[in-house]
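Engineer: dropping a prediction and its sequence here:
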Amino acid sequence: MPPLNILVILGSVREGRMALPVGNWVMEQAEDRDDLSCELVDLKDWNLPFFPHPKPPAAGNYADPLQIRWAEKIASADGYILIAPEYNHSSSAVLKNALDTVFAEWNRKPVSYVAYGGAGGARSVEQLRMTSIALEMAPLNNAVHLIRPGAKRDGDRFNADGYDQKALAALFDELAWWGRTLKAGREG
């Protein structure tokens, strides 16, 4: 069976953001997997505007070229890992906007979270789970909640501890199982 295509989406565009070293760590760990093929998607490269279009994404028929390209990128995946910062007890606006820009392309695919911020990003993940359900995704139970990630950062490197490594391995295992199962369902 070919590996699942997983998009690892960086949920921050801030200068000096923690999302980049965390995303790089996720990508490094994913290299050891033969069941997942991960691609890093940096929202900084997409510059998605806050949704200005007259028709809601659930209606389909996208007209904006950037929205169409974003839809193609999201549709290309079998699942997602959201690198989810917590800003003011919530998810980042840029990540929420990226989720809201398209609709059907997210449907019936698994999503998990690697979060950081207050309480390990738990409140961000809580809100993102609700958004994921509204987008007809399958939010998974296993998430990685990074505690005091700044103390584990060395420039653009994130030096995970044993707990972080174990949590990410469990996330990958669950994502692979659900990814295969939901892909079979979508194809059947």
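Structural biologist: Arrived safely. Residues are numbered from 1 along each chain as shown.
Engineer: which residues does residue 95 contact?
Structural biologist: Residues in contact with residue 95 (C-beta atoms under 8 Å, 6 or more residues apart in numbering) are 9, 11-12, 43, 82, 84-85, 128. Any C-beta I mention is one placed from the backbone N, CA and C, and that applies to glycine too.
Engineer: those residues in helices, which ones?
Structural biologist: 43, 128 (DSSP state H).
Engineer: let me have the contacts of residue 95 in TSV, extended by distance to residue 188 and pLDDT.
Structural biologist: Shown next, in TSV, are these (distance: C-beta to C-beta, whole Å; pLDDT from 0 to 100):
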residue	distance to residue 188	pLDDT
9	27	98
11	32	97
12	37	97
43	33	98
82	27	98
84	31	97
85	37	96
128	28	98
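Engineer: buried only: go through the contacts of residue 95 for me.
Structural biologist: The neighbour-count test (16 or more other C-beta atoms under 10 Å) marks 9, 11-12, 43, 82, 84-85, 128 as buried among these.
Engineer: in this protein, where is pLDDT below threshold?
Structural biologist: The chain contains no residues with pLDDT under 70.
Engineer: on that earlier part again, in strands only, show me the buried ones among the contacts of residue 95.
Structural biologist: Among these, the members falling in strands (DSSP state E) are 9, 82, 84-85.
Engineer: pull the most distant pair out of the residues you listed.
Structural biologist: Farthest-apart pair in these is 9 and 85; separation 11.8 Å (C-beta to C-beta).
Engineer: the closest residue to residue 13 other than its chain neighbours: how many residues sit nearby?
Structural biologist: In this structure, residue 13 finds its nearest non-sequential neighbour in residue 44, 4.4 Å apart by C-beta to C-beta, 6 or more residues apart in numbering. Residue 44: 15 surrounding residues under other C-beta atoms under 10 Å.
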